[in-house]
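**Student:** Mind looking at a prediction? Sequence and model below.
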Number of protein chains: 2
Amino acid sequence: MAQRGRRGGGPTIYDVARAAGVAPSTVSRAFSRPGRVNAATAERVRRVADDLGYRANPLARALSTARSSLIALVVSDVANPFYSEIVRGAQAAATENGYTLLLADAQESGRVERGALERLLPAVDGFVLGGSRMSDSAIRVIAKQKPVVVLNRVVVDVPSVVPDNPGGIRRAVEHLSGLGHHQLTYLAGPEASWADGMRWRSLQDAAADLQLRCRRVGPATPDVPGGVRAAGELSGALPTAVVAFNDQLAIGLVRGLSARGVRVPRDVSVVGFDDIGAAALVTPALTTVAAPLHTEGATATRHLLAMVEGVQSRTGPPLVLPVRLVERGSTAQRRRNSTSPASGTTKVSPSARNASTSTDAGSR
Amino acid sequence: MAQRGRRGGGPTIYDVARAAGVAPSTVSRAFSRPGRVNAATAERVRRVADDLGYRANPLARALSTARSSLIALVVSDVANPFYSEIVRGAQAAATENGYTLLLADAQESGRVERGALERLLPAVDGFVLGGSRMSDSAIRVIAKQKPVVVLNRVVVDVPSVVPDNPGGIRRAVEHLSGLGHHQLTYLAGPEASWADGMRWRSLQDAAADLQLRCRRVGPATPDVPGGVRAAGELSGALPTAVVAFNDQLAIGLVRGLSARGVRVPRDVSVVGFDDIGAAALVTPALTTVAAPLHTEGATATRHLLAMVEGVQSRTGPPLVLPVRLVERGSTAQRRRNSTSPASGTTKVSPSARNASTSTDAGSR
DNA sequence: GGGCTGGCGGCAATCGGTTGCCAGCAGTTG
DNA sequence: CAACTGCTGGCAACCGATTGCCGCCAGCCC
């Protein structure tokens, strides 16, 4: 267990230099400036270094170059499966470029997040903020000091990467409309969430275009229990189709509904968002808008690295990543709602408006 | 976007020293050796530092103290939900002690893991190895250079933290035995897994004690698809009760079985291990041995920090953490197997047993 | 042969803290 | 009053790399 050497580390460039009979600067250059030293010398140095098991101390290097080759990915909750693939993507992009990814957990708290950021600030080359709980201005403060890319959110003047929320929602709405639903309920996530606002607005737009009506319930905490609770809220006036802010909420909703004897998708169709791993595992498997989680993480990271390496920091428009709808078992053809007698009403009764659109809906 | 100052960082102790009219060493001591400087001076320094927004550069500190206050948690796959709670626990224990947790992904490869370890070695104060894919001796090599704690595995001469595998398995076996099952099938995980060997051995022991017979199938890759495939393997000679190496495998098995028309728990009872979040979400909800994932992460981390701070590195026996059985919907009273005519072959005539306990089943 | 050029290696400063050692000073004691 | 002690603050040497600048030497040209 004895740590080798007086201090923590192994041999230094000084040890290598002595053993190779050269100056420390030569050793340094043999590694960092390949062409700068004579090939033969470099080779000898490298061999000696190898023998000694020399490994450059990244801390020392960071101190003099002001580059640590460390970047931090800050997520609102490490245990949230939503981040799993994002982390993987970021990890991959980081290592592929010779950087080490440091993962920090904000524990769903802006305060904690801020603390972590401050602590990390001098030690990393930049940040990817996934689902930040901080205010736009707080984010900009950080972005003034180190390169920052935000994920799943748009902050003015800070580069961001987001999934195509409007497109995804539209796809979901079209799908439900195609199944004969003409009223949609949106189960909202946290009010503070940028994505939630975006999705609700997109849902309204898409619904309007397709002449569907929509309402909104919530907000709910965006996890499974939150969805279960929401089932209670809904059971008063049962909708035929629900689009949930995210998959956890959708999964919880399905469970809550089932517990109340409501069958999914027979009585209610449910669509989630994100396509986390569990979405395919639950019963019925969840129809959901698949966000390219892995790609999001990788893209944001590559973007960050470009900022870290290039000096320029052009802040273009947000990078929007395409999504697709994954149709699984939680959505189905609308049946007349058990609560309403629902004889051949669709066209005529509630309003002329309904009538005019049901043909639309039917045609696709 | 302009990074303040010539270099990445903000003000240094030198700036603070000048502004406060003291020497840099005094500034340093005002922070790190509270009693060492006059209280009034310290206060003044601290105020000036505050005004300037001074923040100690952890890299510089690390360089001279050979302590980075960074510890790494290396997991075999960041996206594996098994690690979610472990990471959280570790994160909590680390921050609570003023350390920063760095999470590294081994991508299921001993080679990648080794690479990450080597790269991190000079930069961190120690490692927690969760589910290492490396050999015992490779781990010992690392442990010679920096403090290491291994999780879910026992390596001679290296401190380790493990769940009570034998206890958990015994609890599961007793549960199944109590439900009338008298033959158990163990669905094995990776052969290289220490935990897998442990669990299989424990199963044999427990089965022997309770006079049950047991067999083993697999190995399977310990994920959901692996479990689905295993269902095919099993369907030839359908068992009445299966204990899977972990929850993912169990979940996959249930899905695979269902796809083949086998009903769980009516035809086959399935027990998992770990109690990952998804275990409660699937249908039927999974009966499983709940490992104290959060506590494991926290305990291992605290253990590591003790090693980092205290000089001594006594390697006691592995730390074993208690587990408990969570009974959910995937296990039930044994019924006569549909493949066997099942007249009164076994001890009591299954029907009689069924009758006696079906009240039990009904009650939950 | 003198002067120039280019290649190569070394010196020493620097990054931002930490810390051993010393010096000044006040207060105490004999 | 001299000597001693304890409290404070400063000086300067690190930690382990990187890098600007300089000097040496060989080769080349005129």
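**Tutor:** Yep, that arrived.
**Student:** got a list of contacts for stretch A:256-267?
**Tutor:** Contact with stretch A:256-267 is made by A:227-232, A:234-235, A:238, A:240, A:254, A:268, A:270, A:284, A:329-332, A:335, A:337-338, as judged by Cβ atoms under 8 Å, 6 or more residues apart in numbering or on different chains. From N, CA and C alone the C-beta is placed, and that goes for glycine too.
**Student:** And stretch A:24-31, by the same measure?
**Tutor:** By Cβ under 8 Å, 6+ apart, stretch A:24-31 touches A:13-14, A:16-17, A:20, A:36-37, A:41-42, A:45-46, A:49, A:56.
**Student:** how near is residue A:202 to residue A:82?
**Tutor:** Distance of residue A:202 to residue A:82, computed by Cβ to Cβ, to the nearest Å: 19 Å.
**Student:** ok so, going back, just the ones in helices from the contacts of stretch A:256-267, please.
**Tutor:** A:227, A:228, A:229, A:230, A:231, A:232, A:234, A:235, A:254 (DSSP state H).
**Student:** about what we covered before: are any of the contacts of stretch A:256-267 buried, and which?
**Tutor:** A:227-231, A:234, A:238, A:240, A:254, A:268, A:270, A:284, A:329-332 (16 or more other Cβ atoms under 10 Å in any protein chain shown).
**Student:** just those residues now: which is nearest chain B?
**Tutor:** Of all the buried ones among the contacts of stretch A:256-267, chain B sits closest to residue A:284, with 8.7 Å by Cβ to the nearest Cβ.
**Student:** how is chain A carved up into domains?
**Tutor:** A:13-56, A:70-163+A:294-321, A:165-291+A:324-363 (automatic domain parsing).
**Student:** what about the shortest one, start to end distance?
**Tutor:** The separation between the terminal residues of domain A:13-56, taken as Cα to Cα, to the nearest Å, is 8 Å.
**Student:** cool, and stretch A:123-131?
**Tutor:** Its start and end residues considered, stretch A:123-131 measures 22 Å (Cα to Cα).
**Student:** and that stretch with DNA strand D, contact?
**Tutor:** No. Stretch A:123-131 stays clear of DNA strand D (Cβ under 7 Å from any atom of the strand), getting no nearer than 14.1 Å.
**Student:** which residues touch the residue of the stretch 251-364 of chain A found nearest DNA strand C?
**Tutor:** Of all residues in the stretch 251-364 of chain A, residue A:308 sits closest to DNA strand C, at 17.4 Å by Cβ to the nearest atom of the strand. Residue A:308 makes contact with A:67, A:71, A:125, A:126, A:147 under the criterion Cβ under 8 Å, 6+ apart.
**Student:** Then it would be within a strand, right?
**Tutor:** No. According to DSSP: H, G, I helix; E, B strand; the rest coil, residue A:308 belongs to no strand; its state is helix.
**Student:** how close does it sit to chain B?
**Tutor:** Distance, residue A:308 to chain B, using Cβ to the nearest Cβ, to the nearest Å: 10 Å.
**Student:** now do residue A:10
**Tutor:** Going from residue A:10 to chain B by Cβ to the nearest Cβ gives 7 Å.
**Student:** From what I see, that residue and residue A:54 are in contact.
**Tutor:** Yes. Using Cβ atoms under 8 Å, residue A:10 is in contact with residue A:54, at 6.9 Å.
**Student:** Among those two, which residue is more densely surrounded?
**Tutor:** A direct count of neighbours by other Cβ atoms under 10 Å in any protein chain shown for residue A:10 and residue A:54 places residue A:54 higher, at 21 against 17.
**Student:** and the more buried one, which of the three is it?
**Tutor:** Classification of residue A:54 by three-state DSSP places it in coil.
**Student:** Got phi/psi on it?
**Tutor:** The phi and psi values for residue A:54, taken as degrees, to the nearest 10, are phi -70, psi 140.
**Student:** residues touching residue A:193, list them.
**Tutor:** With Cβ under 8 Å, 6+ apart, residue A:193 has these contacts: A:222, A:245.
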